[in-house]
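Visitor: Please work out how this folds:
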Amino acid sequence: MNKIFSLVLLMACSLQIFADNGALEPMYKEGKIYVVVLVLGIIFLGLALFLFRLDRRISQLEKKENE
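Guide: Modelled structure (predicted):
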């Protein structure tokens, strides 16, 4: 969980850096930034769920191997 929080914090900081440079200014004006953030959120959520399930499966296999 701590890794996910770190990843979200890193993403927020990188968006702030782009915003300071004015690279995201057109997206803010047109309202498309919300779509970009939503898509990135869905991608990161999917990756987090995949890694969580993968960790559970590996843990189960390790448990079976030790028995």
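
Visitor: from here on, contacts and neighbour counts on C-alpha atoms
Guide: Noted.

Visitor: the longest helix in this protein is where?
Guide: helix 33-66 (DSSP state H).

Visitor: What is the burial count for Ile42?
Guide: Neighbourhood size, Ile42 [other CA atoms under 10 Å]: 12.

Visitor: And for Phe44?
Guide: 15.

Visitor: Pass me the low-pLDDT residue ranges in this structure, would you?
Guide: For the chain, applying pLDDT under 70 flags the ranges 1-2, 4, 13-24, 27.

Visitor: From the centroid of it, which residue is nearest?
Guide: Central residue of the chain (CA atoms, centre = their mean): Phe44, 3.0 Å from the mean position.

Visitor: Give the phi and psi angles for Gly31, as a check.
Guide: phi 80, psi 10 (degrees, to the nearest 10).

Visitor: same check, this time on Lys32
Guide: Torsion angles, degrees, to the nearest 10, at Lys32: phi -80, psi -10.

Visitor: any idea how far Arg53 is from it?
Guide: Relative to Arg53, Lys32 is positioned 32 Å away (CA to CA, to the nearest Å).

Visitor: cool, Tyr34 as well?
Guide: Tyr34 is 28 Å from Arg53, by CA to CA.

Visitor: same check, this time on Pro26
Guide: Taken as CA to CA, the span from Pro26 to Arg53 is 38 Å.

Visitor: ok, now Lys64?
Guide: With CA to CA as the criterion, Lys64 and Arg53 are 17 Å apart.

Visitor: what does Ala12 give?
Guide: On the measure of CA to CA, Ala12 and Arg53 end up 25 Å apart.

Visitor: Output stretch 36-55 as PDB, restricted to C-alpha atoms.
Guide: What follows is stretch 36-55 as a C-alpha-only set of coordinates in PDB (Å, rounded to 0.1, in the frame of the first residue of the first chain):
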ATOM      1  CA  VAL A  36      -6.300  12.500 -19.000                       C
ATOM      2  CA  VAL A  37      -6.300  12.200 -15.200                       C
ATOM      3  CA  LEU A  38      -9.200   9.700 -15.300                       C
ATOM      4  CA  VAL A  39      -7.500   7.500 -17.900                       C
ATOM      5  CA  LEU A  40      -4.200   7.600 -15.900                       C
ATOM      6  CA  GLY A  41      -6.100   6.700 -12.700                       C
ATOM      7  CA  ILE A  42      -7.800   3.800 -14.400                       C
ATOM      8  CA  ILE A  43      -4.500   2.500 -15.700                       C
ATOM      9  CA  PHE A  44      -2.800   2.800 -12.300                       C
ATOM     10  CA  LEU A  45      -5.800   1.100 -10.600                       C
ATOM     11  CA  GLY A  46      -5.700  -1.700 -13.000                       C
ATOM     12  CA  LEU A  47      -2.000  -2.200 -12.500                       C
ATOM     13  CA  ALA A  48      -2.400  -2.100  -8.700                       C
ATOM     14  CA  LEU A  49      -5.100  -4.700  -8.800                       C
ATOM     15  CA  PHE A  50      -3.100  -6.900 -11.100                       C
ATOM     16  CA  LEU A  51       0.000  -6.700  -8.800                       C
ATOM     17  CA  PHE A  52      -2.200  -7.400  -5.700                       C
ATOM     18  CA  ARG A  53      -3.700 -10.500  -7.300                       C
ATOM     19  CA  LEU A  54      -0.300 -11.700  -8.600                       C
ATOM     20  CA  ASP A  55       1.200 -11.300  -5.100                       C
END
